[in-house]
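Undergrad: Provided below are the primary sequence and the corresponding predicted coordinates.
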Amino acid sequence: MRLTPVSSILTRTISTRVNPSQPFRLATLRPVPIRPMSSFLGSLFGSSSSKSSNMSYPDQRTNDEWQAILNKEQFRVLREKGTEAPGTGKFNKHAPETGVYTCAGCDVPLYKATHKFSSGCGWPAYFDSIPGAVVRHEDRTLGMARIEIVCANCGGHLGHVFKGEGYPTPTDERHCVNSISLNFSAEDKPVEKK
Ligand SMILES: [Zn+2]
C-alpha cells in the first residue's frame, strides 16, 4: 500500500496559490457556506449556543425530548439560554430557611436555601452552590464578558455568576439565576454523598 505524499501535495498547492498568473477567484475566498439568518441572529442574541453545547453532560436528552417535558418559557431559558424579565420570577423574593432548589430540567439539587441571599437585583441570588452541581463557562455574547452557569448534569442554562460586587456574603459571589430554571423542595435532600 502506498501513502499519498502529503508534502508534495502541499508544495503544489502552495506554489499554485502564490503563482501570480493564477489569481484567486472570488469563489475561493468564500469557502464557508452562508448560514441561515436565524442562526446568525441566534448567535447575536446569545440564544444559540457557544462552547457549552459542545460539552457532554451526563443527561444527554435531545431538544425534542426537552420540549416534551418543559414548557415553552422553560425551554427558552434552560435550553436556549434565555433570560426571564427581572422581578418576575417566582423565587426572586423566596426566602425559606431550609430546603433545596433543584434543576427544573433534570431535578438535580443545585442550591440550598441557606445559599440564598437578598441581592435586590430582580433574580434569585445565591452566594454558592452545592459542590459540583454548577458548571461555569465564559460567555462573550451581547458585547460583554460574563461567566455563564449551567447545571452540571444536563447543561441547562441557569444564569450568570458575578464576583466582587461587595455583598456581605462568605464568597462575595452572586449566582444570578432565572427562577424558571429552578424548582424548590422544602425537604432537605441528602445531596452530599460521602
Ligand atoms: Zn439539570
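TA: That came in fine, so what should we check first?
Undergrad: Which of the three states applies to Cys176?
TA: The assignment at Cys176 comes out as strand when based on DSSP: H, G, I helix; E, B strand; the rest coil.
Undergrad: If I follow the layout properly, it ends up in contact with Gly120?
TA: No: assessed by CB atoms under 8 Å, Cys176 is found out of contact with Gly120, at 11.5 Å. Bear in mind the C-beta positions are built from the backbone N, C-alpha and C, glycine included.
Undergrad: ok, the two, which is more surrounded?
TA: It is Cys176, of Cys176 and Gly120, that has more neighbours when counted by other CB atoms under 10 Å, with 21 against 9.
Undergrad: Tell me who's in contact with the more buried one.
TA: Cys176 makes contact with 119, 121, 123-125, 159-162, according to CB atoms under 8 Å, 6 or more residues apart in numbering.
Undergrad: Just the ones in strands from those residues, please.
TA: 125, 159-162 (DSSP state E).
Undergrad: Closest one of those residues to the ion?
TA: Using CB to the ion, Gly159 comes nearest to the ion of these, at 13.2 Å.
Undergrad: Which residues are in contact with the closest one?
TA: Taking CB under 8 Å, 6+ apart, one finds 83, 123, 148-149, 175-178, 181 in contact with Gly159.
Undergrad: isn't Ala125 right up against His175?
TA: Yes: with contacts counted by CB under 8 Å, Ala125 reaches His175, the gap being 6.7 Å.
Undergrad: burial of Gln131, as a residue count?
TA: Heads up, residue 131 is Pro, not Gln. Look at Pro131: counted by other CB under 10 Å, it has 8 neighbours.
Undergrad: Equivalent analysis for the one 3 residues further on, please.
TA: Using other CB under 10 Å, Val134 has 22 other residues around it.
Undergrad: Gly82 now?
TA: 18.
Undergrad: Ok, Thr83 next?
TA: Around Thr83 there are 16 residues (other CB under 10 Å).
Undergrad: Can you verify it is assigned to a strand?
TA: No: read with three-state DSSP, Thr83 is coil and lies in no strand.
Undergrad: Overlap in contacts, Cys176 and Gly120.
TA: Common neighbours of Cys176 and Gly120 (CB under 8 Å, 6+ apart) do not exist.
Undergrad: out of the ones in strands among the contacts of Cys176, which is most surrounded?
TA: Gly159 (27 neighbours).
Undergrad: Leaving out sequence neighbours, find the closest residue to that residue.
TA: Val177 (4.3 Å; CB to CB, 6 or more residues apart in numbering).
Undergrad: any idea how far the one you found lies from the ion?
TA: 12 Å (CB to the ion, to the nearest Å).
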